[in-house]
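[1] Below: sequence and its predicted model.
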Amino acid sequence: MARYVHEQSHLADKPFVTVSCPSLSKELLESELFGHVKGAFTGAVRDHWGKVKAAAGGTLFLDEIGDLPLEIQPKLLRLLQEREYERLGENVTRNADLRVIAATNRDLKKRMSEGAFREDLYFRLNVITVEMPPLRARTDDLVRFAEHYLQHFARRTGRSVHGFAEPALHALRGYPWPGNLRELRNAIERAVILAKGEQIERADLPLAAADGSPNGGGDAEPHLGDLVPLQKVEETHIRRVLEKTANVNEAAKVLGIDDATVYRKRKKMNLD
């Protein structure tokens with residue numbers, strides 16, 4: 001949606017740059033945003049222009065802003081209010097000409113009450129708010145997204161799968177999709193790979209039936225004790241946790257690993 005806003009605006013021919021807020025450590029995220037000069041920190045072997053510079057004249061999209069580290073929030077506030085920033089290790093103040101769009105799965109008011117999100121930053125960001133309804137409230141869009149993913153994964157895998165059988169469409173519409181688009185994407189990718197014919201059948205979808213019983217197609221996923229590589233079990237578990245949690249930060253807490261590790265594993269599993 002952020003990209004669509006950009007493409008429909010007067011900045012459409014300018015850069016659209018994305019920063020995922022919880023994907024890196026505080027130091028690396030600050031460098032990713034604002035850039036750094038050589039020697040600013042261990043490993044900074046050359047000057048680096050950050051995403052703010054890359055987005056000059058266009059749109060900077062801050063994904064999962066609710067997980068932005070507290071230490072960086074004042075610098076982002078300054079960027080929004082004064083249109084100014086400095087690279088790490090440099091005392092030169094630079095001007096920024098860009099539009100900022102931020103997204104979050106978090107309740108930012110709750111984050112503020114917990115002391116994890118600055119009130120002044122919240123109100124500076126909260127100029128125009130758009131709440132995206134969950135998939136279960138957008139049945140027509142759900143089918144459109146499913147068809148898009150089907151075409152995408154059919155091309156990627158070279159499979160001749162062209163549509164959904166009616167029972168499969170009925171199952172898609174009836175499932176609550178707690179993981180929203182990420183869960184839908186994973187389900188369609190799996191269905192395209194496992195489909196035996198030219199259409200996705202009900203049994204190809206890894207969804208629970210309305211009564212909570214499995215659909216009979218889930219046996220392709222490994223279970224504890226199956227004679228499969230450990231990596232396969234790990235990937236399946238991470239996919240399921242990502243589908244059932246609101247964001248990477250929450251998934252990382254459930255999995256007992258840090259956010260950056262979840263992002264690396266998700267990227268390796270082609271879930272981005």
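    All right, it came through fine.
[2] quick one: contacts of stretch 34-41?
    27, 31, 44-50, 52-53, 75, 85-90 (CB atoms under 8 Å, 6 or more residues apart in numbering). Quick note: C-beta positions are derived from backbone N, CA and C, even for glycine.
[3] what do you get if the cut-off is 6 Å, keeping everything else the same?
    Stretch 34-41 is contacted by residues 44, 46-50, 52, 85, 87-90 when judged by CB atoms under 6 Å, 6 or more residues apart in numbering.
[4] Give me the subset of those lying in helices.
    residue 52 (DSSP state H).
[5] Please pick the buried ones from the contacts of stretch 34-41.
    44, 48, 50, 52, 85, 87-88 (16 or more other CB atoms under 10 Å).
[6] if we can go back for a sec, pull the most distant pair out of the contacts of stretch 34-41.
    Using CB to CB, those span at most 19.3 Å, a distance reached by 46 and 85.
[7] pLDDT below threshold where in the stretch 1-150 of the chain?
    For the stretch 1-150 of the chain, applying pLDDT under 70 flags no range at all.
[8] could you pull out the helices for it?
    2-7, 26-34, 51-54, 73-82, 108-113, 119-125, 139-157 (DSSP state H, counting those that start in this stretch).
[9] would JSON lines of these with distance to residue 174 be doable?
    Below are the helices of the stretch 1-150 of the chain laid out as JSON lines (distance: least, CB to CB, whole Å):
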{"stretch": "helix 2-7", "distance to residue 174": "28"}
{"stretch": "helix 26-34", "distance to residue 174": "40"}
{"stretch": "helix 51-54", "distance to residue 174": "41"}
{"stretch": "helix 73-82", "distance to residue 174": "42"}
{"stretch": "helix 108-113", "distance to residue 174": "31"}
{"stretch": "helix 119-125", "distance to residue 174": "36"}
{"stretch": "helix 139-157", "distance to residue 174": "9"}
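[10] I'd like to know which of those helices lies nearest to residue 99.
    Here helix 2-7 is closest among the helices of the stretch 1-150 of the chain (CB to CB), at 8.0 Å.
[11] any idea how far residue 123 lies from residue 32?
    25 Å (CB to CB, to the nearest Å).
[12] who's more crowded, these two?
    Between residue 123 and residue 32, residue 32 has the larger neighbour count (other CB atoms under 10 Å), namely 19 against 11.
[13] Report the mean per-residue pLDDT for the helix or strand harbouring residue 181.
    Here residue 181 sits within helix 180-194, counting by DSSP states H and E. On average, the pLDDT along helix 180-194 is 92.
[14] distance between it and the chain's centre?
    15 Å (CA atoms, centre = their mean, to the nearest Å).
[15] Pull stretch 88-101 out as CSV, backbone CA atoms only.
    Output of stretch 88-101 as CSV, limited to C-alpha atoms (Å, rounded to 0.1, in the frame of the first residue of the first chain):
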residue,chain,number,x,y,z
LEU,A,88,27.3,8.6,12.2
GLY,A,89,30.8,9.9,13.1
GLU,A,90,30.2,13.3,11.3
ASN,A,91,29.2,16.7,12.7
VAL,A,92,27.9,18.0,9.3
THR,A,93,24.2,18.7,9.4
ARG,A,94,22.4,17.8,6.2
ASN,A,95,19.0,18.6,4.9
ALA,A,96,16.5,15.9,3.9
ASP,A,97,13.8,16.4,1.3
LEU,A,98,11.5,13.4,1.4
ARG,A,99,8.1,12.0,2.4
VAL,A,100,7.9,9.5,5.2
ILE,A,101,5.3,6.7,5.3
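[16] Give me the buried positions along it.
    88, 94, 96, 98-101.
[17] quick one: residue 229 from residue 264, how far?
    19 Å.
[18] Which of these two has more residues huddled nearby?
    Comparing residue 229 with residue 264 by other CB under 10 Å, the one with more neighbours is residue 264, at 13 against 10.
[19] The host helix or strand of the more buried one versus helix 26-34: what angle between them?
    If you go by DSSP H and E, residue 264 is part of helix 259-268. Orientation check (axes from the mean of the first three to the mean of the last three CA atoms, to 10 degrees): helix 259-268 against helix 26-34 gives 60 degrees.
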